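Chemist: no sequence on hand, only this structure:
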């Protein structure tokens, strides 16, 4: 689509700024393949000038001619569809019409009265070189130039339409931007596609048929009939949908959506579950690299020092988190003012499960396993050191050093190090306390296996939002999905490093 636009420089600074804005807007519009700005020189251009230029320079191309203060948006592209549907010579008026209640729209309009609806704007779309000759020898911007051009074109057998409810333009004038209004109480004289001429006494008059169409679909659909009517041909009757057929189609679509929506949700959850497992795999590689470099796993929390840094903070250099780790001073508490507090507020994507619902600064959806607090046989007691039976336990006076791989006598592949604990804690529980709650930088993001089954509601332990189970990370670096039907005996066994229990296999 080619835009040919009259353009001049005004001595008025406000007007000059408006015209410059129009030129910049139209030059950047994606709907136009080329924009031609024509300087009128000492006189204003006429419609005949611009139509002639289009026929000489761009024959067979969809062209738009417009006055200097008309700016377009993407809706102008509909004009090409309208012209393609017409099947004959056609002019498409892209106009805004002001409401003038002093003039009646009923009946016929005398074309000699060029002041009728004098607030029309001038912009037209057509196929260059396809129109039969008509006068158009008056300048752009003169009062009611739209009506006069429409009359002359209709008299020459050209279909004239104005789908102004579907195609918009902005008219800049006197520092005000005018736009078409969608008021149902008023419709412009060229809004309706049925426009013909008729004899009124000894003169010809413009006749406006008020039974028109309002929507883009209806305008495009019936333009072919209108163009045929202008040429004196019989309109083509097109079948439409009945109400019953429409309701049946809507019902079928509703059934299809109800069938497809669960499948879409399952596919999305499957992708989230896969990403969650990938997060744990990354943590497993980082823990393995840390153990190889330090000859021990990181403590779940260095509580013995009173600083409460977490295992997930110690492994950052092995988890592509060197930048964050360099800002942390491990000789100060985890949330000390400065780099520690600022780093603790960061949300690291590896530590957030995609199926989680809640979000707050420093969120951590995975917790280090301290051990097991579950008794399998009623009446039995927990063994000594049960709260330090896991790999990532918190250090204290009795357990000042972290766990080495040789201490995991149950086997690295059968001992959990990290489990999901999605959406644990509340951000407002941190306050200014040294111990935080469910944040990756603080050692309290460790927990015990404290329920005989997985996904127990309101329990700070092994829990996820995945359907059917929870992801777990083992000391050898592999991640596995533990089903909700995993026996309590196996959960207890894999939560301890040296309990001597037969671990069995996960369901």
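Modeler: Perfect, thanks for sending it. Quick caveat, the model's predicted, so the values are computed rather than measured.
Chemist: verify the stated contact: residue 300 with residue 368.
Modeler: Yes - applying C-beta atoms under 8 Å as the test, residue 300 and residue 368 come out as touching, 4.1 Å apart. C-beta: built from backbone N, CA, C; applies to glycine.
Chemist: overlap in contacts, those two.
Modeler: In terms of C-beta atoms under 8 Å, 6 or more residues apart in numbering, residue 300 and residue 368 are both contacted by the residues 310, 311, 390, 392, 446.
Chemist: okay, now the last one: neighbour count?
Modeler: Counted with other C-beta atoms under 10 Å, the neighbours of residue 446 add up to 24.
Chemist: how near is it to residue 495?
Modeler: From residue 446 across to residue 495, the span is 12 Å (C-beta to C-beta, to the nearest Å).
Chemist: which neighbours do the two have in common?
Modeler: residue 369.
Chemist: can you tell me the SS state at the nearest residue to residue 501 once chain neighbours are set aside?
Modeler: With sequence-adjacent residues excluded and distances taken as C-beta to C-beta, 6 or more residues apart in numbering, residue 501 is closest to residue 493, at 3.8 Å. Look at residue 493: counting by DSSP: H, G, I helix; E, B strand; the rest coil, its state is helix.
Chemist: and the pLDDT at residue 493?
Modeler: Per-residue pLDDT puts residue 493 at 91.
Chemist: so it sits against residue 390, correct?
Modeler: No - judged on C-beta under 8 Å, residue 493 makes no contact with residue 390 at a distance of 11.9 Å.
Chemist: so which of these two has more stuff around it?
Modeler: Set residue 493 next to residue 390 and count neighbours by other C-beta under 10 Å: residue 390 wins out with 30 against 22.
Chemist: show me what contacts that one?
Modeler: Applying C-beta under 8 Å, 6+ apart to residue 390 gives the contacts 300, 368-372, 415-417, 448, 495-497.
Chemist: one more pass at 6 Å, please.
Modeler: Each residue near residue 390 by C-beta atoms under 6 Å, 6 or more residues apart in numbering is listed here: 369, 370, 371.
Chemist: tell me which element the last one falls in.
Modeler: In this structure, residue 371 sits in strand 366-372 according to DSSP states H and E.
Chemist: neighbours of residue 14, how many?
Modeler: Residue 14 sits with 10 neighbouring residues when counted by other C-beta under 10 Å.
Chemist: element containing it, please.
Modeler: Counting by DSSP H and E, residue 14 is found in helix 13-28.
Chemist: so which elements touch that helix?
Modeler: If you count contacts as 3 or more C-beta pairs under 6 Å, 6 or more residues apart in numbering; DSSP states H and E, helix 13-28 packs onto no helix or strand.
Chemist: after it, next one along is what?
Modeler: Next element after helix 13-28 (DSSP H and E): strand 34-38.
Chemist: so the chain: which segments form each domain?
Modeler: Split into domains by automatic domain parsing, the chain comes to 2-230, 274-494.
Chemist: pull up the distance across the last one, start to finish.
Modeler: Pointing back at domain 274-494 there. 22 Å (C-alpha to C-alpha, to the nearest Å).
Chemist: residue closest to the middle of this structure?
Modeler: Nearest to the geometric centre of the chain sits residue 268, at 17.3 Å (C-alpha atoms, centre = their mean).
Chemist: how far away is that residue from residue 82?
Modeler: In terms of C-beta to C-beta, residue 268 sits 41 Å off from residue 82.
Chemist: for residue 495, same thing?
Modeler: Distance from residue 495 to residue 82, by C-beta to C-beta: 71 Å.
Chemist: run through the stretch 351-500 of the chain and note the low-pLDDT ranges.
Modeler: Counting by pLDDT under 70, the ranges of the stretch 351-500 of the chain that qualify are 425-437, 458.
Chemist: that's a helix at residue 132, yeah?
Modeler: No - Residue 132 is assigned coil when assessed by three-state DSSP, not a helix.
Chemist: what about it, how many residues close to it?
Modeler: 9.
Chemist: you'd agree it is up against residue 156?
Modeler: Yes - shown here, residue 132 and residue 156 form a contact pair, counting by C-beta atoms under 6 Å, at 5.1 Å.
Chemist: relative to strand 34-38, how tilted is the helix holding residue 14?
Modeler: 150 degrees (axes from the mean of the first three to the mean of the last three C-alpha atoms, to 10 degrees).
Chemist: all helices of the chain, in order?
Modeler: Secondary structure of the chain by DSSP state H: the helices cover 13-28, 47-57, 78-86, 145-155, 216-230, 243-294, 311-314, 322-326, 339-344, 488-494.
Chemist: so which of these comes closest to residue 381?
Modeler: helix 488-494 (14.0 Å; C-beta to C-beta).
Chemist: quick one: residues contacting residue 292.
Modeler: With C-beta under 6 Å, 6+ apart, residue 292 has no contacts at all.
Chemist: give me the pLDDT for it.
Modeler: At residue 292, pLDDT is 94.
Chemist: with residue 30 instead?
Modeler: Taking residue 30 on its own, its pLDDT is 89.
Chemist: quick one: the nearest residue to it once chain neighbours are set aside from residue 31, how far?
Modeler: Leaving aside its chain neighbours, residue 30 sits nearest to residue 74 (6.6 Å; criterion: C-beta to C-beta, 6+ apart). Residue 74 sits 6 Å away from residue 31, going by C-beta to C-beta.
Chemist: neighbour count: those two, which is higher?
Modeler: The neighbour comparison of residue 74 against residue 31 (other C-beta under 10 Å) goes to residue 31, with 17 against 11.
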